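Trainee: sequence and computational prediction follow.
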Amino acid sequence: MRIHIGFGDYPGGFNTSVWRCLIPGEALTRAGHDVTFSHIADIGNWDADSYLLERNLYIPEVFSAIENLHSKGKRLVATFDDHYAIMPDTCLSKGTWNGNNLQRFIDALGIVDCAIVPNKLLAEDYSPFCKEIRYVPNYADMDLYRNIKNRSVAKEHPTVNVMWGGNSTHLQGLKETGFLEALGKLCEKRRLVKVITVADRMCALAFSRYIPAEQLVIENWKPLSEWTKFVAARADIIACPLYGEYDMRRSWVKAIDAVVFGIPLIASNLEPFRGTGAMMVQNTQKDWYNALGDLVSNQWRAHRVVESMVSALGSVSIDDHIKEYEEVLG
């Protein structure tokens, strides 16, 4: 089958396009399909049997291309991983999803043959606008994890590192959950705790308000090929504070790092981490402080969280889901 994938991110700033486009595209190639890639704005210049189109369906030239390809009987599949209609004001990209763009996006969903999303709630919310919508759990290109030391091996740093990664779309989760206050208090009580963040400016400022400078490391955004090595080498605990309806409809890709590398993950007791085996926490400062402190001081507890996640998620390879992609692409 000839498949063309139109990704939403621009080269040099790949983020969600890696998960939604590159990883499944490379797996489809390994399965014997002829797969090509371009930015979604250029899909009208490519001829294929089926098209996988990421999120930016509202761009005028993309919307026109979708209508044209549909009239030619091409198979069109959309993929996205956010509920754009309920983005909080703290998201820098909220302005992109204004009334006109959001309406064109929804109109395009009514034209395409199917949509693929990695969150069950997201699938439920958008099902009225789609001919068919398919929930496919998160997955990884396991080649990015091969030959990287599993954290079940003794760590190589003397500190206990709590890692968080994100941008402005995660800011509400940082500010409204009690997580930062709890983490700051934990750092004051336990000097061996270090906070490792991969954050944009807004989130970095939020961390710097609560975490002592000598216990805070702020790193710039990293492509996935660097991120996996970085997490394996530096993280002892992965933290995912979430807040509100928007966060409940996220992906849970950070659970992949936890399962593959044997790192305990702690998250707010909300979707999407329910059912992943992660340590779940109520969004209060007290609960976050107690749970983080438990993981920091209790290696047995940390090990049990990892065991729980491995049992709940099993394999997280894209190759386990390639048949689903083949089905929706026709």
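Mentor: Cool, the structure landed.

Trainee: list the buried residues of the lowest-mean-pLDDT helix or strand in the chain.
Mentor: Least confident helix or strand, the chain: helix 224-234 with a mean of 90, by mean pLDDT, DSSP states H and E. For helix 224-234, a neighbour-count test (16 or more other C-beta atoms under 10 Å) marks L224, W227, T228, F230, V231, A232, R234 as buried. Any C-beta I mention is one placed from the backbone N, CA and C, and that applies to glycine too.

Trainee: make a markdown table from those residues and add distance to K286 to it.
Mentor: Shown next, in a markdown table, are the buried residues of helix 224-234 (distance: C-beta to C-beta, whole Å):
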| residue | distance to K286 |
| --- | --- |
| L224 | 35 |
| W227 | 32 |
| T228 | 34 |
| F230 | 31 |
| V231 | 28 |
| A232 | 31 |
| R234 | 28 |
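
Trainee: tell me the predicted confidence for E188.
Mentor: On the pLDDT scale, E188 is placed at 97.

Trainee: just the CA coordinates for stretch 187-196, please, in PDB.
Mentor: What follows is stretch 187-196, C-alpha atoms only, in PDB (Å, rounded to 0.1, in the frame of the first residue of the first chain):
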ATOM      1  CA  CYS A 187      13.800  19.400  48.800                       C
ATOM      2  CA  GLU A 188      14.200  21.500  52.000                       C
ATOM      3  CA  LYS A 189      13.800  18.400  54.200                       C
ATOM      4  CA  ARG A 190      15.900  16.000  52.100                       C
ATOM      5  CA  ARG A 191      19.000  17.600  50.600                       C
ATOM      6  CA  LEU A 192      19.800  14.600  48.500                       C
ATOM      7  CA  VAL A 193      16.700  15.200  46.400                       C
ATOM      8  CA  LYS A 194      17.400  17.000  43.100                       C
ATOM      9  CA  VAL A 195      14.800  18.200  40.600                       C
ATOM     10  CA  ILE A 196      15.600  17.700  36.900                       C
END
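
Trainee: gap between it and the chain center?
Mentor: Centre-to-centre, stretch 187-196 and its host chain are 26 Å apart (C-alpha atoms, centre = their mean, to the nearest Å).

Trainee: which outside residues touch that stretch?
Mentor: 158-164, 183, 186, 207, 211-212, 215-217, 219, 234-235, 293, 296-297 (C-beta atoms under 8 Å, 6 or more residues apart in numbering).

Trainee: for the residues you listed, which PyMOL command selects only the ones that are buried?
Mentor: Typed into PyMOL, the next command selects the buried ones out of those (criterion: 16+ other C-beta under 10 Å):
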select buried, resi 159+160+161+162+163+164+183+186+207+211+215+216+217+219+234+235+293+296
